[in-house]
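Asks: sequence? don't have it. structure:
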């Protein structure tokens, strides 16, 4: 966060530019960090459109993340469907919607 604030305030004079120069060598401008952030956002949108949905309304955190309630040892057996529980989870007020993600689980739900 400190890096983003400094890059926003000082632009190409930021001492973080040295760190950002190697990410996209094809960029010929002076503000490498700002370019990296913009490029990352653009790449994230492309990834979401390709793997989740073309409609941003479908980009819901709980579609990708779930809280796992494992029941050992049963969750590691063919009886997993009886004992292992997964609940869509969006996080809480203290987290940026942190929880586990499972790409295979969500393939059928038009997400990853």
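Replies: Received the coordinates, thanks. This one's a predicted model, so the numbers in the text were calculated from it and none came from an experiment.
Asks: what ranges does this structure have for its strands?
Replies: Taking DSSP state E to define them, one finds strands in the chain at 65-69, 85-88, 100-101.
Asks: buried deepest among those, which one?
Replies: A comparison of the strands of the chain by mean neighbour count, using mean count of other C-beta atoms under 10 Å, puts strand 65-69 on top with a mean of 15. The C-beta positions use only the backbone N, C-alpha and C, and glycine is treated the same way.
Asks: pull up the pairing partners for that one, direction included.
Replies: The strands beside strand 65-69 in its sheet (DSSP bridges) come out as strand 85-88 (antiparallel), strand 100-101 (antiparallel).
Asks: for it, what is the distance to the chain centroid?
Replies: 16 Å (C-alpha atoms, centre = their mean, to the nearest Å).
Asks: among the strands paired with strand 65-69, which gets the worst mean confidence?
Replies: Mean pLDDT values for the strands paired with strand 65-69 show the minimum at strand 100-101, a mean of 56.
Asks: residue 69 and residue 78, how far apart?
Replies: According to C-beta to C-beta, to the nearest Å, residue 69 stands 18 Å off from residue 78.
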